[in-house]
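Engineer: Turn this into a model:
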Amino acid sequence: FPVTISSGHDSGCIVCGLSNINYKNYITYTFTDNENSEILNSCLNLIKEKIIKTKLPLNEFKNIKTDIEKNVERFYYGYSYETRHDIGFNDDAAVGLYKILKDCTKYDSKVLLSGQGGDEIYGNNQEYGFANKFNPTIFPDNLENIFPWANFFNGGNYSYLTKEEYIAGSLGYEARYPLLDKDVVQQFLNLTSKLKNKFYKGPITNYRDWE
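Structural biologist: Coordinates of the predicted model:
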């Protein structure tokens, strides 16, 4: 299966997890244009094989966007299904994801491993063009005062899960979301506020090799 990877926290956490269990049957795919090359390469060094690096020229971007409009059911962004309004096709990330999955079909891959949820569940600075700030500035001692915050089920989570599902489904992929696994999310909720707030995306930033 393909793993979309950047120099950010979420995809790096997934790759580290796969490395820890010595799982190698996957492909990493990244666009190198706007990434921190030092961080990205240190992450890719854990893999050493089946690494795809690419760029997305403007002419190809336009062609892929046309393909999406032809082949993908229209989807929308917003706070929730009931309040959706922005057309998801306008998100450049939809174009990037479509290219990744289309390219990876030649590897007979059927499952997408996505880092969706890292921002919306574990982060505290998420703002979106279609909504106001939807994450807590800090995680308080008593989560009952803020739970569920607006991104937890809706907001960015609803919107970007829609993108992942519609794009992946149009190309015959099933999408999986390790950072949204209910046991993983519950473990995060159970952490003390000190640990949640210690770093940006506390438990992801502090991820360590289990051995």
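
Engineer: Compute the number of surrounding residues for I167.
Structural biologist: Using other Cβ atoms under 10 Å, I167 has 29 neighbouring residues. To be clear about C-beta, it is placed using only N, CA and C from the backbone, and glycine gets the same treatment.

Engineer: Nearest spatial neighbour of it, chain-adjacent residues omitted?
Structural biologist: Nearest residue to I167 in three dimensions, chain neighbours excluded: L97, at 4.9 Å (Cβ to Cβ, 6 or more residues apart in numbering).

Engineer: what helix or strand does that neighbour sit in?
Structural biologist: helix 92-104 (DSSP states H and E).

Engineer: returning to that earlier point: tell me the contacts of the residue nearest to I167?
Structural biologist: 4, 163-164, 167-168 (Cβ atoms under 8 Å, 6 or more residues apart in numbering).

Engineer: correct me, but Y76 touches I87?
Structural biologist: Yes - the criterion here is Cβ atoms under 8 Å, and Y76 meets it with I87 at 6.1 Å.

Engineer: which one of these two has more residues nearby?
Structural biologist: Between Y76 and I87, counting by other Cβ under 10 Å, Y76 is the more crowded of the two (18 against 13).

Engineer: show me what contacts the more buried one?
Structural biologist: For Y76, the contact set (Cβ under 8 Å, 6+ apart) comprises 84-88, 159, 162.

Engineer: Greatest separation within those: which pair is it?
Structural biologist: Pairwise distances across the contacts of Y76 (Cβ to Cβ) peak at 12.7 Å, for the pair H85 and T162.
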